[in-house]
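*Asks:* Here's a sequence, model it:
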Amino acid sequence: MNELSRSKTISLIAFLVLVWGISWPIYKLALEYTPPLLFAGLRTLVGGLLLIIVFWSKRKEIHWKTSWPIYLISSLFNVALFYGLQTVGMMYMPSGLFSVIVYLQPVLVGIMAWLWLGESMTGIKIAGLIIGVLGVAAVSAGGLSGHIAVLGIVLALFTSLSWAIGTIYVKKVSLRVDSVWLVAFQCTFGGIALTSVGSVTEKWSNIVWNEHLVIGLVFGIVLGISASWIVYFKLVNSGDASRVASYTFLVPLISVVSGVLFLKESFSIYLLAGLILIGISIYLVNRKPKRSRLSQSLADGLVNAN
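*Replies:* Next comes the predicted model:
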C-alpha cells in the first residue's frame with residue numbers, strides 16, 4: 001500500500017469534495033434538458049472510454065484474464081447500482097432527505113471496514129460518524145418537505161449500501177488491480193448498463209443539446225466521473241477507508257453552498273449548524289487516540305534500551 005504525504009492527502013481530499021460538491025448544481029441545470037438515466041450513462045460511458053484512450057499505452061497493467069471479474073463487480077456496485085438507484089430514487093422523494101440517507105455511506109463503510117478489513121472502531125469514531133449524519137441532515141433540512149414514498153427510501157438505502165460495498169471491495173482488492181484501469185472499466189461497463197436501460201425506458205429525442213447540457217457532460221466526464229473516482233480510490237487504497245469516507249460528509253454541505261452561490265437558493269441556519277456538526281465529525285473520526293502515560297513510558301524505555 002502506497003502511503004500519501006499529509007499535504008498530498010489534503011490536496012486530493014479537497015479536490016474530491018469540491019468536485020463532487022459543485023457537481024450538484026451543474027448536473028441540476030443539465031438535467032433540465034436530458035432524461036436522467038441517459039445523462040448518467042453518457043457521463044460514465046464516455047468517461048470510461050476516455051480513460052482507456054488516454055492510458056492505452058499502459059495497457060500491460062490491465063491484466064484482463066485475472067482482473068475482469070474485479071472490473072465487473074466494481075462496475076456493478078460503484079456505477080450501475082449507485083448511479084442507477086440514485087437517479088431513479090430521486091424521482092420518489094425530496095433531494096434533501098434522499099441525500100441524508102445516501103450519506104449514511106460513511107457509517108456503513110466504517111462498520112464494514114471494521115468487520116472485513118480489520119480497521120479500528122472506537123467509541124469516538126462511532127460518535128463522529130453519527131454526528132456526521134446529523135450534520136448532513138441539518139444541511140439538507142430545507143429539502144425535507146414534500147411527498148415521500150416508501151420506494152424512494154428503499155432506493156436511497158440501497159444506493160448508500162451499494163456505494164459502501166463498492167468502496168470496501170475496492171479497498172480489499174487494491175493490491176490485485178491497477179486503480180486507473182479499475183476506474184476506466186467500471187465506468188465503461190457501468191455506463192453501458194445505464195445507457196442500455198436508459199435507451200429502453202427513455203427517449204433520445206428528449207435530449208436538448210445546449211450549453212448547459214454540454215457543460216454538464218464535459219464536467220461529468222472529465223472531473224465528476226473519471227478524475228474524481230481515481231482520486232477517491234487512491235485515497236481509500238492508501239489509508240483508512242472509514243476516515244476517507246468521513247470527508248464525503250462535506251459533499252452535501254458544498255452542494256448546498258454552491259446552490260446558494262450559483263442557483264440563488266436560500267441560505268438558512270441549518271447550513272451553519274451542518275457545517276459545525278460535519279467539522280466535529282471529521283475531527284472525531286480522524287482523531288488519533290493519545291497514548292496513555294504508561295504505554296508512552298514503555299515505548300520511551302524501548303527506544304532508550306536500543
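*Asks:* contacts and neighbour counts: CA atoms only from here.
*Replies:* Will do.
*Asks:* Kindly export stretch 40-55 (C-alpha atoms) in PDB.
*Replies:* Taking C-alpha atoms only, stretch 40-55 is exported to PDB below (Å, rounded to 0.1, in the frame of the first residue of the first chain):
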ATOM      1  CA  ALA A  40     -25.800   9.300 -16.200                       C
ATOM      2  CA  GLY A  41     -25.000   6.600 -18.800                       C
ATOM      3  CA  LEU A  42     -23.300   9.000 -21.200                       C
ATOM      4  CA  ARG A  43     -21.200  10.600 -18.400                       C
ATOM      5  CA  THR A  44     -19.900   7.300 -17.200                       C
ATOM      6  CA  LEU A  45     -19.500   5.500 -20.500                       C
ATOM      7  CA  VAL A  46     -17.700   8.400 -22.300                       C
ATOM      8  CA  GLY A  47     -15.600   9.000 -19.100                       C
ATOM      9  CA  GLY A  48     -14.500   5.300 -19.100                       C
ATOM     10  CA  LEU A  49     -13.700   5.300 -22.800                       C
ATOM     11  CA  LEU A  50     -11.700   8.500 -22.400                       C
ATOM     12  CA  LEU A  51      -9.500   6.900 -19.700                       C
ATOM     13  CA  ILE A  52      -9.000   3.800 -21.800                       C
ATOM     14  CA  ILE A  53      -7.800   6.000 -24.700                       C
ATOM     15  CA  VAL A  54      -5.600   8.200 -22.500                       C
ATOM     16  CA  PHE A  55      -3.900   5.300 -20.700                       C
END
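*Asks:* for V218, what are its contacts?
*Replies:* R43 (Cα atoms under 8 Å, 6 or more residues apart in numbering).
*Asks:* Using PDB, write down the CA coordinates of the helix or strand where it lies.
*Replies:* V218 belongs to helix 211-219 when assigned by DSSP states H and E. Provided in PDB are the C-alpha atoms of helix 211-219 (Å, rounded to 0.1, in the frame of the first residue of the first chain):
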ATOM      1  CA  GLU A 211     -24.500  24.800 -23.400                       C
ATOM      2  CA  HIS A 212     -25.900  23.700 -20.000                       C
ATOM      3  CA  LEU A 213     -26.100  20.100 -21.100                       C
ATOM      4  CA  VAL A 214     -22.700  20.200 -22.800                       C
ATOM      5  CA  ILE A 215     -21.000  21.800 -19.700                       C
ATOM      6  CA  GLY A 216     -22.700  19.100 -17.500                       C
ATOM      7  CA  LEU A 217     -21.500  16.300 -19.700                       C
ATOM      8  CA  VAL A 218     -17.900  17.600 -20.100                       C
ATOM      9  CA  PHE A 219     -17.600  18.300 -16.400                       C
END
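*Asks:* and it, average pLDDT?
*Replies:* For helix 211-219, the mean per-residue pLDDT is 94.
*Asks:* Which strands or helices does the helix or strand containing G128 pack on?
*Replies:* Per DSSP H and E, G128 falls inside helix 123-139. Judged by 3 or more Cα pairs under 8 Å, 6 or more residues apart in numbering; DSSP states H and E, helix 123-139 is in contact with helix 95-102, helix 105-116, helix 250-262, helix 269-286.
*Asks:* go again using 7 Å as the cut-off
*Replies:* helix 95-102, helix 269-286 (3 or more Cα pairs under 7 Å, 6 or more residues apart in numbering; DSSP states H and E).
*Asks:* Comparing the ones you listed, which yields the minimum mean pLDDT?
*Replies:* helix 95-102 (a mean of 67).
*Asks:* if you skip the residues just before and after it, what's nearest to V133?
*Replies:* L104 (6.4 Å; Cα to Cα, 6 or more residues apart in numbering).
*Asks:* Hmm, I typed the wrong one, I wanted T159.
*Replies:* F82 (5.1 Å).
*Asks:* which residues does the one you found contact?
*Replies:* For F82, the contact set (Cα atoms under 7 Å, 6 or more residues apart in numbering) comprises 159, 162-163.
*Asks:* Relative to V285, how far out is it?
*Replies:* 24 Å (Cα to Cα, to the nearest Å).
*Asks:* Just the buried residues of stretch 25-42, please?
*Replies:* Within stretch 25-42, the residues scored as buried using 16 or more other Cα atoms under 10 Å are 25-27, 29-31, 33-42.
*Asks:* Quick one: mean pLDDT for that stretch?
*Replies:* Here the average pLDDT along stretch 25-42 is 88.
*Asks:* Stretch 67-80 now?
*Replies:* Per-residue pLDDT values over stretch 67-80 give a mean of 96.
*Asks:* what's it in contact with?
*Replies:* Outside stretch 67-80, the residues that reach it (Cα under 7 Å, 6+ apart) are 162-163, 165-166, 177, 182, 185-187, 189-190, 193-194.
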